[in-house]
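Student: Give the three-dimensional model of this entry:
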Amino acid sequence: MMKQRVSLWVALGAGLLLTLTGPIAAAQASDDPWVSQIGTYTYLTAPNYDGLLPIKAALNGQTMGLGTFDDLDGELIMVGGSVYRVGIDGLPQIVEISRTTPFFEAIKFQPEKSGPVAPGTTCANLLAAVNELVKGAGGMVAVRVRGTFTDLVTRSVPAQTAPYPPLSQVVAGQTLFALGQRVAVLVGFRTGNDLAGTGAPGLHLHGLTADRTAGGHVISCVAGPDVQLSVQRTAGVQILGVPAG
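Tutor: Below you'll find the model as predicted:
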């Protein structure tokens, strides 16, 4: 079984970071990379959408990731080292990494295993495919799915104001984008129960179309004839910016 650990840090100002907790489980002896993360899923569901740190605080060669922006103002997708924002207009725009975020997960993606996805497989069934490819359901796994999809549906949500409504209420007001058949790349993370509250439970994917004209948080999709699933196991998650108390 793949065991992982979490290192939790808190920003004390002026770039100073202090370790708050040690490992919650012994890390596996391997060269697997760590996920660099700002905030946690628990922080979002508190609810709290205040920015914690700039995106760049979690970047040190990372190439792939997802998250959101201050006040939950749009979906964040990082592909090939470039950070995009998809707002409620549905249009991806490259943004400055100086922007702050309440939640952002990133990794230097170097897939260790890949395999074809059977045509007709739905996004809801990709979790089982990931678990089969890594031979386990625990820990955090970086995931990339790319190819031609049919019935691809994504979403974004509008910016929120304090006092913040619950995340479930925000999602109920989401804007959906029915993209139909598109060539796209979907990126994200599979979070096991042993890391509950760190990332979104299960498989969390954001996506961009190949022509970069549409994207967002992935709601649903159906795999076409050329979809490839790639995964990268991780040693654990290094969390930055969670406020003390």
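
Student: For Y164, grab the count of nearby residues.
Tutor: Close neighbours of Y164, defined as other CB atoms under 10 Å, add up to 17. (Glycine included, C-beta is placed from N, CA and C.)

Student: cool, and the one 4 residues further on?
Tutor: Neighbourhood size, S168 [other CB under 10 Å]: 9.

Student: Just the pLDDT for it.
Tutor: Note on S168: pLDDT of 96.

Student: Across the sheet, point out what pairs with the residue nearest in space to the middle of the chain.
Tutor: In the chain, the residue lying closest to the centroid (CA atoms, centre = their mean) is L66, at 3.6 Å. Counting by DSSP bridges, L66 is bridged to I77, E105.

Student: quick one: low-confidence ranges for the chain?
Tutor: When residues are selected by pLDDT under 70, those of the chain lie in 1-31, 243-245.

Student: Would you mind giving the domain segments of it?
Tutor: For the chain, the structural domains run 5-109+234-240, 113-233, going by automatic domain parsing.

Student: so how far is the first one from its chain's centroid?
Tutor: Centroid separation between domain 5-109+234-240 and its chain, computed with CA atoms, centre = their mean, to the nearest Å, is 8 Å.

Student: next one: the longest one
Tutor: Using CA atoms, centre = their mean, the mean C-alpha position of domain 113-233 is found 8 Å from that of the whole chain.

Student: Not counting residues beside it along the chain, what's closest to A118?
Tutor: Excluding its sequence neighbours, the residue lying closest to A118 (CB to CB, 6 or more residues apart in numbering) is A223, at 6.9 Å.

Student: measure the one you found to S230 for me?
Tutor: Distance from A223 to S230, counting by CB to CB, to the nearest Å: 14 Å.

Student: more crowded one of these two?
Tutor: Neighbours were counted for A223 and for S230 using other CB under 10 Å; A223 has more, 24 against 19.

Student: So what sits opposite the more buried one in the bridge?
Tutor: Applying DSSP bridges to A223 gives these bridge partners: F149.

Student: For the helix or strand hosting F177, which helices and strands make contact with it?
Tutor: Following DSSP states H and E, one finds F177 within strand 175-191. The contact analysis (3 or more CB pairs under 8 Å, 6 or more residues apart in numbering; DSSP states H and E) places strand 175-191 against strand 64-68, strand 75-79, helix 126-134, strand 140-156, strand 202-209, strand 215-223.

Student: angle of the first one against strand 175-191?
Tutor: The one in question is strand 64-68. 120 degrees (axes from the mean of the first three to the mean of the last three CA atoms, to 10 degrees).

Student: what sits up against strand 64-68?
Tutor: 38, 44, 49, 55, 58, 74-80, 101-109, 142, 144, 187-189, 204-206 (CB atoms under 8 Å, 6 or more residues apart in numbering).

Student: cool, the third one as well?
Tutor: Around helix 126-134, the neighbours that count as contacts under CB under 8 Å, 6+ apart are 2, 113, 115, 117, 121, 137, 141, 143, 145, 190, 202-203, 205, 229, 231, 233.

Student: Count the neighbours of the closest residue to I107 other than its chain neighbours for me.
Tutor: Closest residue to I107 apart from its sequence neighbours, by CB to CB, 6+ apart: A142 at 4.8 Å. Using other CB under 10 Å, A142 has 27 neighbouring residues.

Student: cool, F149 as well?
Tutor: Here the number of neighbours of F149 (other CB under 10 Å) works out to 28.

Student: contacting residues for it?
Tutor: Applying CB under 8 Å, 6+ apart to F149 gives the contacts Q181, R182, V183, A184, C221, V222, A223, G224, V227.
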